[in-house]
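[1] Dropping a prediction and its sequence here:
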Amino acid sequence: MRLTCPFCGPRDVAEFVYEGPFSGAPQTERPALSAAPAAWVEAVFLRDQPRGETRELWRHLHGCGCFLDVLRDTLTHEVRAVAFADPADAAAMRAKP
């Protein structure tokens, strides 16, 4: 699968890290460090597996580092849209030489 970073262009998915469902803000909720192990198992391993079109949060870890809002079909892996998840990232990337 390939994702097209709005700043870096088309890249292999290996450059990106899946952060979870897109919630409108580039943050992933995690349990407190003092939480029970069961809470960590649920947060890390037990995720919803939606079928069809979903909005996901990805981070271009081995590229510009931006968080991306990705619209993707989980059945076909077709990527329908990619945009900066944070408008501040879009402005900062436009300002780079």
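    Thanks, I have the structure now.
[2] For the rest of this, base every contact and every neighbour count on C-alpha atoms.
    Will do.
[3] Could you check how many residues crowd around Cys5?
    Close neighbours of Cys5, defined as other C-alpha atoms under 10 Å, add up to 22.
[4] ok, it - contacts?
    Contact analysis of Cys5 by C-alpha atoms under 8 Å, 6 or more residues apart in numbering lists Arg11, His60, Leu68, Val82, Ala83.
[5] Can you spell out which residues form a bridge with it?
    Following DSSP bridges, Cys5 is listed with bridge partners Gly9.
[6] Now the helix or strand harbouring Leu71: buried residues?
    Taking DSSP states H and E as the criterion, Leu71 maps to strand 67-73. Residues Phe67, Leu68, Asp69, Val70, Leu71, Arg72, Asp73 are the ones in strand 67-73 that count as buried (16 or more other C-alpha atoms under 10 Å).
[7] pLDDT for those - can I get that in CSV?
    CSV is the format used below for the buried residues of strand 67-73 (pLDDT from 0 to 100):
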residue, pLDDT
Phe67, 93
Leu68, 94
Asp69, 94
Val70, 96
Leu71, 96
Arg72, 95
Asp73, 95
